[in-house]
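*Asks:* Next one to model:
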Amino acid sequence: MPFEKDASFGKSLFFGEILEDQIFPFPEMDAPTRETVLSVTEMLDKYLATLDSAKMDKEGEIPKEVIEQLKALGLFGLIVPEEFGGLGLNVTGYSRVLQCIAGWDASIAVTVGAHSSIGFKGLLLAGNDEQKKKYLPRLATGELIAAFCLTEPGSGSDAFSIKTRAEKSSDGSHYVLSGQKLWITNGGIADFFTVFAKTTPDVGEQKGKISAFIVTRDMGGVTHGTHEDKMGIRASSTTAMFFDNVKVPKECLLGEEGKGFKVAMSILNHGRTGIGAGAVGGMKRLMEVTAAHANERKQFGRPIGSYGLVKEKLGRIAANTYAAESLCYLMARTIDRGNVDYSLEGAATKVLASDVLWNAVDEALQVAAGLGYMKEYPYERSMRDARINRIFEGTNEILRLYVGLTGFQKPGEYLKGLGKDLSNSLTDPIKGFGVIREYAGRKMRQSGMIGGGRAQITKAHESMRKQIAWVEDATQELASMTEAVLRRHGKEIIEKQFATRRLGDIAIDLIAMLAVISRTTSLIQSRGSTEKCANEMNMCFAFCSDAYRRIRTNFEAATGRNNDEELKAVADHLMKVGKYENDILKG
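*Replies:* Okay, the predicted model is just below:
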């Protein structure tokens with residue numbers, strides 16, 4: 001079997017395998033965490049309900065007294081271990097608290113999330129004992145608010161193009177760090193920064209190595225720019241950061257020198273679960289206000305919620321929220337369990353949750369119609385706040401490509417090894433026959449010629465047979481399509497973004513479908529009957545049928561029935577001439 005028990009269940013799909021033990025049973029929050037989270041969220045609901053979010057959005061600032069109250073409520077110490085003065089929540093508990101905050105105010109959620117999810121997460125993941133003892137107690141109280149500094153004016157998705165430099169002093173006692181970072185959340189209120197800089201120069205095509213540093217404002221030479229006037233999450237602090245010959249003690253190197261890129265990716269993999277949780281919180285609040293409006297607003301003598309097309313919108317928002325929530329907490333449990341590769345699943349969670357949130361705010365505003373377009377109602381602000389989720393911590397385009405390319409890795413290694421084994425076995429017919437037999441067996445299983453082709457999911461409830469069959473069939477087809485694409489393009493696959501994105505999208509939908517099936521199975525088992533889970537089963541079917549329809553469309557396009565070349569040609573022409581040339585007046 002190509003995959004170990006604790007391997008990535010997302011990556012295994014590209015090989016035609018479903019690692020059930022990674023997915024079933026759906027995780028339950030442990031009792032101590034549940035008790036703590038319940039207490040925190042009840043307290044938060046009472047406090048956040050008193051805030052005027054519309055006023056903060058209009059003024060573009062979270063008042064200092066609100067920040068101080070957030071500190072007093074312990075929100076800056078949610079994931080700080082108890083030994084350092086924090087609540088010590090695991091990823092599951094933290095995600096649920098962040099979900100609660102996001103349901104009330106996206107700017108506050110981003111402020112708290114940027115502090116914990118990415119701001120000082122590197123200290124927890126890569127810091128040594130002395131660094132943790134020095135900084136974590138002050139981070140827990142909010143005396144130090146944290147920020148993550150990677151993006152630069154000329155460096156976004158391409159992290160290796162950063163220009164910030166950190167040169168080691170001649171005596172080795174410190175680094176001199178200089179550079180500029182862009183769009184830093186919490187930049188104007190933070191005193192603790194996780195900063196990424198090159199510690200070796202670029203040489204020709206060879207990029208310099210990146211290192212991670214703990215930088216505090218009191219080191220000197222650390223300043224921030226003006227508050228950015230943003231479309232959404234306006235009250236959160238977003239600024240440029242400037243580091244002018246900052247003397248960073250060698251003790252503030254985070255992890256190993258030259259290994260900063262790995263630190264950054266580890267941080268972002270964790271942070272993407274927080275985005276998923278925040279999206280769920282936003283969607284739940286949207287459903288409350290939209291359902292209320294659909295019940296109260298009457299047209300032609302009936303509530304608008306009684307009409308089919310409005311029901312369709314409300315039903316799809318609910319089903320998508322159920323899916324995003326299921327995936328988010330399956331992912332959180334995966335991280336909490338430890339020793340499991342979750343990078344692909346983390347990217348999938350962020351993509352799915354941010355996409356369905358965007359769909360939800362669009363549809364909710366449509367249900368509200370003219371009212372939704374007015375600033376006095378929450379829909380317009382929700383739309384502006386939601387838009388950033390598809391951009392930060394990795395754009396959804398980049399993450400889709402990441403899912404596809406990461407998924408290709410294992411099948412690519414297998415095919416390369418298969419070719420090598422066949423070559424080496426030419427002088428050994430018995431060995432050669434064994435290699436061919438193993439490969440042929442795998443292909444026959446994928447095609448369904450043996451084993452029924454769908455004998456992989458055994459732990460899901462039988463009431464979801466149709467959804468199970470969809471997943472099993474699509475998983476086998478994904479493996480076959482992956483092999484075909486790799487054979488066709490080889491190393492050039494990295495340049496084939498349309499094909500990579502399509503297979504990445506298929507994997508994302510399959511991962512979400514598995515999360516939904518797992519959760520619904522657990523609910524049926526815990527409640528004792530399908531009748532007591534009628535709504536959850538309907539949401540499961542609704543989401544899975546939509547997802548399977550998308551999967552079939554992507555498979556069809558991947559076989560060549562698409563307009564890829566025409567779109568690229570049109571884009572090339574537009575970039576060449578710089579405008580739309582057609583005009584009805586000119587014929």
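
*Asks:* roughly how far apart are the residue most central in space within the chain and G204?
*Replies:* Nearest to the mean C-alpha position of the chain, by C-alpha atoms, centre = their mean, lies K350 at 2.1 Å. Here the distance between K350 and G204 works out to 34 Å (C-beta to C-beta, to the nearest Å). Heads up, the C-betas are built off the backbone N, CA and C, glycines and all.

*Asks:* And for N90?
*Replies:* For N90, the distance to G204 (C-beta to C-beta) stands at 45 Å.

*Asks:* Compare neighbour counts for the two and give me the winner.
*Replies:* Per other C-beta atoms under 10 Å, whichever of N90 and G204 has more neighbours is N90, with 18 against 5.

*Asks:* Now do the contacts for the more buried one.
*Replies:* Listed by C-beta atoms under 8 Å, 6 or more residues apart in numbering, the contact partners of N90 are T33, A332, D336.

*Asks:* So which residues of the stretch 51-200 of the chain form strands?
*Replies:* Applying DSSP state E, counting those that start in this stretch to the stretch 51-200 of the chain gives strands spanning 146-149, 165-168, 174-185, 192-198.

*Asks:* and the second one, how far from the chain's centre?
*Replies:* Put plainly, it is strand 165-168. 32 Å (C-alpha atoms, centre = their mean, to the nearest Å).

*Asks:* Buried residues in it, which are they?
*Replies:* For strand 165-168, the neighbour count (16 or more other C-beta atoms under 10 Å) marks R165, A166, E167, K168 as buried.

*Asks:* Using CSV, write down the CA coordinates of stretch 523-530.
*Replies:* Extracted C-alpha coordinates of stretch 523-530, given in CSV (Å, rounded to 0.1, in the frame of the first residue of the first chain):
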residue,chain,number,x,y,z
LEU,A,523,-24.8,12.1,14.1
ILE,A,524,-27.0,9.2,12.9
GLN,A,525,-25.2,6.8,15.2
SER,A,526,-25.3,9.2,18.2
ARG,A,527,-29.0,10.0,17.8
GLY,A,528,-29.9,6.5,17.1
SER,A,529,-31.9,6.9,13.9
THR,A,530,-32.0,8.6,10.5
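
*Asks:* Check the offset of that stretch from the chain's centre.
*Replies:* 30 Å.

*Asks:* now stretch 154-163
*Replies:* For stretch 154-163, the distance to the chain centre is 20 Å (C-alpha atoms, centre = their mean).

*Asks:* what about F24, distance to L510?
*Replies:* 15 Å.

*Asks:* of these two, who's got more company?
*Replies:* Taking other C-beta under 10 Å, F24 and L510 do not tie; L510 has more neighbours (25 against 17).

*Asks:* what helix or strand is that one on?
*Replies:* In the assignment (DSSP states H and E), L510 maps to helix 497-527.

*Asks:* I'd like to know which helix or strand in the chain has the lowest mean pLDDT.
*Replies:* When the helices and strands of the chain are scored by mean pLDDT, DSSP states H and E, helix 429-447 comes last with a mean of 49.

*Asks:* returning to that earlier point: nearest residue to the residue nearest to the centre of the chain in space, ignoring adjacent ones along the chain?
*Replies:* In this structure, K350 finds its nearest non-sequential neighbour in R272, 3.8 Å apart by C-beta to C-beta, 6 or more residues apart in numbering.

*Asks:* Run through the residues that contact the one you found.
*Replies:* G346, A347, T349, K350, E393, G394.

*Asks:* Would you mark the buried spots in the strand or helix carrying the third one?
*Replies:* Assigned by DSSP H and E, T349 belongs to helix 343-368. If you call a residue buried by 16+ other C-beta under 10 Å, then helix 343-368 has these buried ones: 343-365, 367-368.

*Asks:* Which strands or helices does it pack on?
*Replies:* Packing partners of helix 343-368 (3 or more C-beta pairs under 8 Å, 6 or more residues apart in numbering; DSSP states H and E): helix 9-13, helix 260-296, helix 308-337, helix 378-386, helix 396-424, helix 497-527.

*Asks:* distance between that helix and the chain's centre?
*Replies:* With C-alpha atoms, centre = their mean, you get 11 Å for helix 343-368.

*Asks:* Just the mean pLDDT for that helix, thanks.
*Replies:* Mean per-residue pLDDT for helix 343-368: 98.

*Asks:* repeat for stretch 209-222
*Replies:* Over the span of stretch 209-222, the pLDDT mean works out to 98.

*Asks:* next one: stretch 373-390
*Replies:* Per-residue scores along stretch 373-390 average to 97.

*Asks:* would you put the C-alpha positions of it in CSV?
*Replies:* The C-alpha trace of stretch 373-390 is given here as CSV (Å, rounded to 0.1, in the frame of the first residue of the first chain):
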residue,chain,number,x,y,z
TYR,A,373,-27.6,47.2,-0.8
MET,A,374,-28.1,49.8,1.9
LYS,A,375,-25.3,50.4,4.5
GLU,A,376,-27.7,50.5,7.4
TYR,A,377,-28.2,46.7,7.0
PRO,A,378,-25.5,44.1,7.7
TYR,A,379,-25.3,42.5,4.2
GLU,A,380,-23.2,45.2,2.5
ARG,A,381,-20.6,45.1,5.3
SER,A,382,-20.6,41.3,5.3
MET,A,383,-19.8,41.3,1.6
ARG,A,384,-16.9,43.7,2.0
ASP,A,385,-15.6,41.8,4.9
ALA,A,386,-15.9,38.4,3.3
ARG,A,387,-14.0,39.3,0.1
ILE,A,388,-10.5,39.3,1.7
ASN,A,389,-10.8,35.6,2.7
ARG,A,390,-10.2,34.4,-0.9
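
*Asks:* Could you list the low-pLDDT ranges of this structure?
*Replies:* 1-5, 418-455 (pLDDT under 70).

*Asks:* According to the record, where do the domains of it fall?
*Replies:* With domains defined by automatic domain parsing, the chain comprises 51-394, 416-561.

*Asks:* Kindly reformat these as JSON lines containing distance to E17.
*Replies:* Shown next, in JSON lines, are these (distance: least, C-beta to C-beta, whole Å):
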{"stretch": "domain 51-394", "distance to E17": "14"}
{"stretch": "domain 416-561", "distance to E17": "7"}
